[in-house]
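# could you look at this predicted model? Sequence included:
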Amino acid sequence: MRLHIRNRLHEVFDALDHAEDALDKAALNPSFRADIRLVLEELMVNTVRHGYPDGRDGSIAIKLDIRPPTVTVELRDDAMPFNPLGIETPELPGDLAQHDAVGGLGVHLARSIASDMHYSRDGDSNHVVIRFDQSLSEETPA
């Protein structure tokens, strides 16, 4: 699956629905599919919300390569440079509800769920490749 969207939240959620449809057609367990969607949502929503502080139009290209038991996702955007691997692991308080917002939790979650993640800055583009391996999951396919 390949999609090219503008940096608008409604387009991100439309793209997530397309990705979910493609994942549903593969023999992948529901929690594995949900993990992939969660990571995609976190990274793309952050790109839209934080990557274009000047409000300019931009784009995000999404490539989903489904080869059970692995799924590889490539995200490419023309937002400000941002390396999700360069963010330090946040200090997690015992009860998040009792503390002010802790930055970096979404990126930390994405890195924790993914089997492998790579980042590069190619010219004016951020390029993130994320690999998910269902065989590393505790559950078996549905």
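Here it is on my side, so go on.

# contacts for stretch 38-54, please.
Identification of contacts with stretch 38-54 by C-beta atoms under 8 Å, 6 or more residues apart in numbering yields 7-9, 12, 15-16, 19, 58, 60, 62, 73, 75, 77, 79-80, 82, 84, 106-107, 109-110, 113-114, 126, 128, 130, 132. In this view, the C-beta of every residue, glycine as well, is placed from N, C-alpha and C.

# quick check, central residue of the chain?
When C-alpha atoms, centre = their mean is applied to the chain, the residue found nearest the centroid is residue 40 (2.8 Å).

# just the element for residue 65, please.
strand 59-67 (DSSP states H and E).

# give me the sheet partners of that strand and which way each runs.
strand 2-6 (antiparallel), strand 70-77 (antiparallel) (DSSP bridges).

# buried residues in that strand, which are they?
Within strand 59-67, the residues that qualify as buried are 60, 62, 64, 66, counting by 16 or more other C-beta atoms under 10 Å.

# next, count neighbours for the spatially closest residue to the third one that is not a sequence neighbour.
In space, not counting the residues next to it along the chain, residue 64 is nearest to residue 1; the distance is 4.2 Å by C-beta to C-beta, 6 or more residues apart in numbering. Around residue 1 there are 15 other residues, counting by other C-beta atoms under 10 Å.
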